[in-house]
Structures are given as C-alpha cells and as structure tokens.
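> predicted structure and sequence below. I'll ask about it afterward.
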Amino acid sequence: MTTNIKKNFQPIVHLLEKNKNKKVSAILAEVIALTEAKVQASTSHIDENGNVIAVYCYFHKQWELVENVPYGKKASSTTGLNTMCKAGVSAWTKQQRAIKQVGTKLINMLEAGEIQLEDMADKKAELTNEAMKVEDEAPTGYATLEEALEAHKAS
C-alpha cells in the first residue's frame, strides 16, 4: 500500500493487510486489542475527602507524601499540584540549563583546539552525561503507593 497512513493506525492496517482473505470475525479480537484505550496509572492519590495525600514525583521517580514534601501549585492538573516537587523542579531546571550550555562549551573547545571535529560526538555525550548529574537531595519518598500510604497512616 502506497498511501501515507497515520502512525496510530499503522498496526491495524498491517494486521488487515496480512489477513486480507480472512473474515472479520476471525481477526476482530486482534483489532480490538490494538484499538483498546491504554489505562494510565494514576500519579496521585486522593483520599475520600478530596485531599491529595501522595504524588508520584516525575523527577525523583518516587511517591512522596504531600504533607512532608512541598509541591508547587498547577491549576491545569487534576490535583492542583505540579507533577514534580519543588526540589525536583529546581534540579530539573538546573539540568536543562546545563544541557543547553553543552553546545556552547563544545564550540568553545573546538575553537580553542582542545578537541577535534571527529571527537565532538563523544565529547557531547560526555558533557551531556555530566550535565544530567545535578546535585539533588531527594526528599524522603517511597517506591510504591502502598508504602507511601502506610507511612501516611503511621504519621
């Protein structure tokens, strides 16, 4: 087939092309599996009173209790809180700033003769890895929501 198919529909079209001579009933289960909505796990836990108890910090990749870890406000989110704690936002911002400076450092090093043109890719990877290692003291967090809720109950 030579038409330009949207990326989301390519697996379905591939399945249909592969099974041209089959009846719809024979491949319907596969089509349904391809088109099912993917359930996204929640990144927050709200109690029965509507209070946010824990949030999964996008930066630290751990569950954090809102009572112990400060979170900034974000009106457009379902919880009203940011997806990263304040410490995570600060560290992420520092990382992004450092990563943006990698290009400038590479050009300066090249102009100064510190590196050769063929070494730029390796040096860029090295500098990017260094930029990702921003000093950050992760707040106390938990690997699972269940652990966070147990800690909340204990406090």
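Now that the structure is in, tell me what you want to look at.

> who are the packing partners of the helix or strand hosting I12?
Secondary structure from DSSP states H and E places I12 in helix 10-18. Helix 10-18 sits against helix 24-35, with contacts defined as 3 or more C-beta pairs under 8 Å, 6 or more residues apart in numbering; DSSP states H and E. Glycine gets a C-beta too; all of them are placed from N, C-alpha and C.

> I'd like to know which elements the helix it packs on is packed against.
Against helix 24-35 (3+ C-beta pairs under 8 Å, 6+ apart) you get helix 10-18.

> who touches the helix it packs on?
The contact list for helix 10-18 (C-beta atoms under 8 Å, 6 or more residues apart in numbering) reads 1, 5, 27, 30-31, 34-35.

> that one to helix 24-35, inter-axis angle?
Angle of helix 10-18 versus helix 24-35, following axes from the mean of the first three to the mean of the last three C-alpha atoms, to 10 degrees, is 160 degrees.

> only the buried residues of helix 10-18, if you could.
The neighbour-count check on helix 10-18 (16 or more other C-beta atoms under 10 Å) flags L16 as buried.

> with stretch 110-119 instead?
I115.

> how far away from the center of its chain is that stretch?
Its chain's C-alpha centre and that of stretch 110-119 lie 34 Å apart, by C-alpha atoms, centre = their mean, to the nearest Å.

> what mean pLDDT does that stretch get?
Across stretch 110-119, pLDDT averages out at 92.

> for stretch 142-155, same thing?
92.

> export that stretch as CSV, just CAs?
Taking Å, rounded to 0.1, in the frame of the first residue of the first chain, the C-alpha atoms of stretch 142-155 are listed here in CSV:
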residue,chain,number,x,y,z
TYR,A,142,8.6,5.6,48.6
ALA,A,143,8.9,3.1,45.8
THR,A,144,5.2,2.2,45.8
LEU,A,145,2.0,4.0,46.6
GLU,A,146,1.2,1.3,49.2
GLU,A,147,4.4,2.1,51.1
ALA,A,148,3.6,5.8,51.0
LEU,A,149,0.1,5.2,52.3
GLU,A,150,1.4,3.0,55.1
ALA,A,151,3.8,5.8,56.1
HIS,A,152,0.9,8.3,56.0
LYS,A,153,-1.2,6.1,58.3
ALA,A,154,1.7,5.8,60.7
SER,A,155,2.2,9.6,61.0
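
> next, the buried residues of it.
Buried residues in stretch 142-155 (16+ other C-beta under 10 Å): 142, 145, 148-149, 151-152.

> also stretch 129-145?
For stretch 129-145, using 16+ other C-beta under 10 Å, the buried residues are 131, 134, 138-139, 141-142, 145.

> thank you kindly, that will do.
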